[in-house]
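> Build the 3D model from these lines:
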Amino acid sequence: MIRQTRSADPPVIQHMEMVDIVKQFPGVLANDHVSMDVRSGEVHAILGENGAGKSTLMRQLYGMYQPDSGEIRINGQPVEFRKPLDAIRTGIGMIHQHFMLVPTMTVAQNVALGQPSSRGIRLDLDRVSERIDRLASEYGLKVDPEASVWQLSVGEQQRVEILKALDLGASLIILDEPTAVLTPQEVKDLFLTLKRMVGEGHSLLFISHKLHEVLEVSDRVTVLRDGVTVGSRKTTETTREELVRMMVGRELKHYDYVNKVSGDVGLEISNLRVQGDRGEEIVRGVDLTVHSGEILGLAGVSGNGQRELAEALSGMRASDSGSVRVRGHDLTHAGLKERVRGGLSFIPEERMRDGAIGEFTVQENVFLRDHEAQEFRRWLFLRFPEMARHAARLVDSFSVKTPTLDTPLKNLSGGNIQKLILARELFRDPHVLIAAQPTRGVDIGATEYIHIKLVEQRDAGTAILLISEDLDEILKLADRIAVIYNGRIVGTLGRSEATPEKVGTLMAGLS
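Okay, the predicted model is just below:
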């Protein structure tokens, strides 16, 4: 083994190989003899469901974990990374999904902070700014070095992260779900930057669950499933259907998502105003109407008031003014139980904080909100046998994979936890369903299942408000699309007129 030494000018990585990588945690074999490689001037995509081992593999390449066995080779030579600094000195950079920036500092200060030599040394920020301007011009990463990070859009903050990696001399860059929080226009800008980087000889490892993006931007794709390499394909020689089959081990069902009919008003929101956690007004006079038998998609970049709106509608957060009506009944000031009785169900954004209790069993989580239902009580006593039968029916009908009903919920996968919450909320046959980020953090198979259940519920007459930061999900499911920006609804589009470009323009506040 050769250990990497500090170098002010990292070597250019012409070829990186990961050979027979094994990584095990207590009770989990995360990577089982995984092999892959990437060459200079290539975009190599890593695909796989949650828990497939993608992030674990990349963290070993970046020095955050060390393999139990196997080998990493740079330009044919074995290397050992004991910490991220070792990988950085070798020419590897990583753009994390959640940015590693200090909001109160300027762009130049953040870039300088990333330098290994910055600790205890006063850096010339003017020279750092000059380097930023040069790299920004070369790669199309326009950003003001003197701007504070908190003033920047999400897309601009991502540019700063890329500039940090380039300024460190990275020739191989790992991008972890880089489009997850971007508007469509920002995604286009990012892809143009990636093409420039590849043209300059950089190697890119692109981790994403969005198949159309993988097919658009990558040269090769490696698919992982259950910690094992299923296979690699040249992008030009594969299809979306083949990649899905490799990821989940089966064909996905095709479903007609087009709406047939919508009825009377199910949910009516009028001039709703809600404060954020710091006491500032963050939902600013929202007006929305959702009809029975309709999915209204609410699109927007994270942080524009969606979370606070969903919490106000569910009764978890008080509103300052305005009204919320379900089938004409005013529930503005109703509590959680009264809203449930009024026909409103809620799938929260943070499922393990607001939708379930990890230490409780599967069956106990089924009855978090419904233990007072008359069908499960006899006088003052709970009817435990009937409760067990009901929980078993829900688990079976919603294909929730669990060893037993007494299994602690925290032992289930994210997709199965979300399906259990969905089962619990839909069993009441609600008049209105608020679904906030219903497929966040779940794999492609569970996502498909949840989408089908939402459409079936819509077709049964429920008014559904789908709040999602995944524009692909919105465009796929919604009958109408409303866009929220800075706490206000800035536009509503019908399904036929809603293009990614139009929605993206509204999401960016450019209408």
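> Might you list the low-confidence residue ranges for the stretch 151-300 of the chain?
Across the stretch 151-300 of the chain, the ranges flagged by pLDDT under 70 are 181, 251-262.
> Quick one: the strands in it, in order.
Secondary structure of the stretch 151-300 of the chain (DSSP state E, counting those that start in this stretch): strands located at 172-176, 203-207, 220-225, 228-234, 265-275, 281-291, 294-299.
> same thing with the stretch 401-511 of the chain?
Using DSSP E, counting those that start in this stretch, strands in the stretch 401-511 of the chain cover 432-436, 463-468, 480-485, 488-494.
> returning to that earlier point: out of the strands of the stretch 151-300 of the chain, which one sits most buried?
With neighbours defined as mean count of other CB atoms under 10 Å, those peak in mean count at strand 294-299, which reaches a mean of 26. All C-beta atoms are positioned from the backbone trio N, CA, C, and that covers glycine.
> Which residues does that one contact?
For strand 294-299, the external contacting residues (CB atoms under 8 Å, 6 or more residues apart in numbering) are 259, 262, 266, 288-290, 306, 309, 454-455, 458, 463-469, 471, 473-475, 477-484, 503, 506-507.
> Out of the strands of the stretch 151-300 of the chain, flag the one nearest residue 444.
Nearest to residue 444, of all those, is strand 220-225, at 10.9 Å by CB to CB.
> how far out from the middle of the chain is that closest one?
Relative to the centre of its chain, strand 220-225 is centred 19 Å away, using CA atoms, centre = their mean, to the nearest Å.
> and that strand, what does it pack onto?
strand 28-39, strand 43-47, strand 228-234, helix 240-248 (3 or more CB pairs under 8 Å, 6 or more residues apart in numbering; DSSP states H and E).
> deepest of these, which one?
strand 43-47 (a mean of 25).
> angle of that one against strand 172-176?
Angle, strand 43-47 to strand 172-176, by axes from the mean of the first three to the mean of the last three CA atoms, to 10 degrees: 30 degrees.
> Quick check: residue 368 is in a strand.
No. Counting by DSSP: H, G, I helix; E, B strand; the rest coil, residue 368 is not part of a strand but coil.
> Could you report the neighbour count for it?
Look at residue 368: counted by other CB atoms under 10 Å, it has 13 neighbours.
> ok, now residue 78?
Residue 78, neighbours per other CB under 10 Å, totals 12.
> which SSE is residue 340 in?
helix 336-341 (DSSP states H and E).
> Can I get the very next helix or strand once past that helix in PDB? Just the C-alpha atoms.
The helix or strand immediately downstream of helix 336-341 is strand 344-347, counting by DSSP H and E. In PDB, the C-alpha atoms belonging to strand 344-347 read as follows (Å, rounded to 0.1, in the frame of the first residue of the first chain):
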ATOM      1  CA  LEU A 344     -58.700  15.000   6.800                       C
ATOM      2  CA  SER A 345     -55.700  12.600   6.700                       C
ATOM      3  CA  PHE A 346     -52.100  13.700   6.700                       C
ATOM      4  CA  ILE A 347     -48.800  12.100   5.500                       C
END
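> Give the pairing partners of strand 344-347; include direction for each.
The pairing partners recorded for strand 344-347 under DSSP bridges are strand 432-436 (parallel).
> can you give me the angle the strand it pairs with makes with strand 265-275?
Using the same axes, to 10 degrees: strand 432-436 against strand 265-275 is 50 degrees.
> Which residues outside strand 432-436 are in contact with it?
By CB under 8 Å, 6+ apart, strand 432-436 touches 266-267, 290, 306-307, 310, 313-314, 326-327, 343-349, 425-426, 454, 457, 462-468.
> go with 6 Å
Applying CB atoms under 6 Å, 6 or more residues apart in numbering, the external contacts of strand 432-436 come out as 266-267, 310, 313-314, 326, 344-349, 462-467.
> re earlier: elements contacting the helix holding residue 340?
For helix 336-341, there is no helix or strand it packs on, judged by 3 or more CB pairs under 6 Å, 6 or more residues apart in numbering; DSSP states H and E.
> quick one: that helix to chain centroid distance?
For helix 336-341, the distance to the chain centre is 29 Å (CA atoms, centre = their mean).
> Tell me where the stretch 351-500 of the chain has helices.
Using DSSP state H, counting those that start in this stretch, the helices of the stretch 351-500 of the chain run over 362-366, 384-397, 414-426, 444-459, 471-477, 500-507.
> how much space between the residue nearest to residue 206 when sequence neighbours are not counted and residue 161?
Spatial nearest neighbour of residue 206, excluding adjacent residues (CB to CB, 6 or more residues apart in numbering): residue 45 at 4.6 Å. For residue 45, the distance to residue 161 equals 19 Å [CB to CB, to the nearest Å].
> Likewise for residue 247?
27 Å.
> and what of residue 487?
27 Å.
> Ok, residue 470 next?
21 Å.
> Let's see stretch 69-82 as CSV, backbone CA atoms only.
The C-alpha atoms that make up stretch 69-82 are tabulated as CSV, following Å, rounded to 0.1, in the frame of the first residue of the first chain:
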residue,chain,number,x,y,z
SER,A,69,-11.3,-5.8,2.2
GLY,A,70,-10.8,-5.0,-1.5
GLU,A,71,-8.7,-2.3,-3.1
ILE,A,72,-8.9,1.3,-4.4
ARG,A,73,-6.5,2.0,-7.3
ILE,A,74,-5.6,5.4,-8.7
ASN,A,75,-3.8,5.3,-12.1
GLY,A,76,-3.1,1.6,-11.5
GLN,A,77,-1.6,2.1,-8.1
PRO,A,78,-3.3,0.9,-4.8
VAL,A,79,-4.0,3.7,-2.4
GLU,A,80,-5.3,3.9,1.2
PHE,A,81,-7.5,6.7,2.4
ARG,A,82,-7.7,7.0,6.1
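> buried residues in it?
70, 72, 74, 79, 81 (16 or more other CB atoms under 10 Å).
> try stretch 316-327
In stretch 316-327, counting by 16+ other CB under 10 Å, buried: 317, 319, 322, 324-327.
> Can I get it as CSV, trimmed to CA atoms?
Extracted in CSV, the C-alpha atoms of stretch 316-327 (Å, rounded to 0.1, in the frame of the first residue of the first chain):
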residue,chain,number,x,y,z
MET,A,316,-49.7,20.7,14.0
ARG,A,317,-49.1,24.5,13.6
ALA,A,318,-51.4,27.4,14.4
SER,A,319,-52.3,29.8,11.7
ASP,A,320,-52.4,33.6,12.2
SER,A,321,-55.4,34.3,9.9
GLY,A,322,-57.3,32.9,7.0
SER,A,323,-59.4,29.7,6.9
VAL,A,324,-59.3,26.0,6.1
ARG,A,325,-62.5,24.2,5.1
VAL,A,326,-63.0,20.5,4.4
ARG,A,327,-66.2,20.0,2.3
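> hmm, back to that, dump the helices of the stretch 351-500 of the chain to a markdown table, plus distance to residue 354, mean pLDDT and mean neighbour count.
Listed next are the helices of the stretch 351-500 of the chain as a markdown table, based on distance: least, CB to CB, whole Å; pLDDT from 0 to 100; neighbours: other CB atoms under 10 Å:
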| stretch | distance to residue 354 | mean pLDDT | mean neighbour count |
| --- | --- | --- | --- |
| helix 362-366 | 13 | 90 | 23 |
| helix 384-397 | 20 | 86 | 15 |
| helix 414-426 | 10 | 89 | 23 |
| helix 444-459 | 17 | 89 | 19 |
| helix 471-477 | 20 | 90 | 20 |
| helix 500-507 | 25 | 90 | 20 |
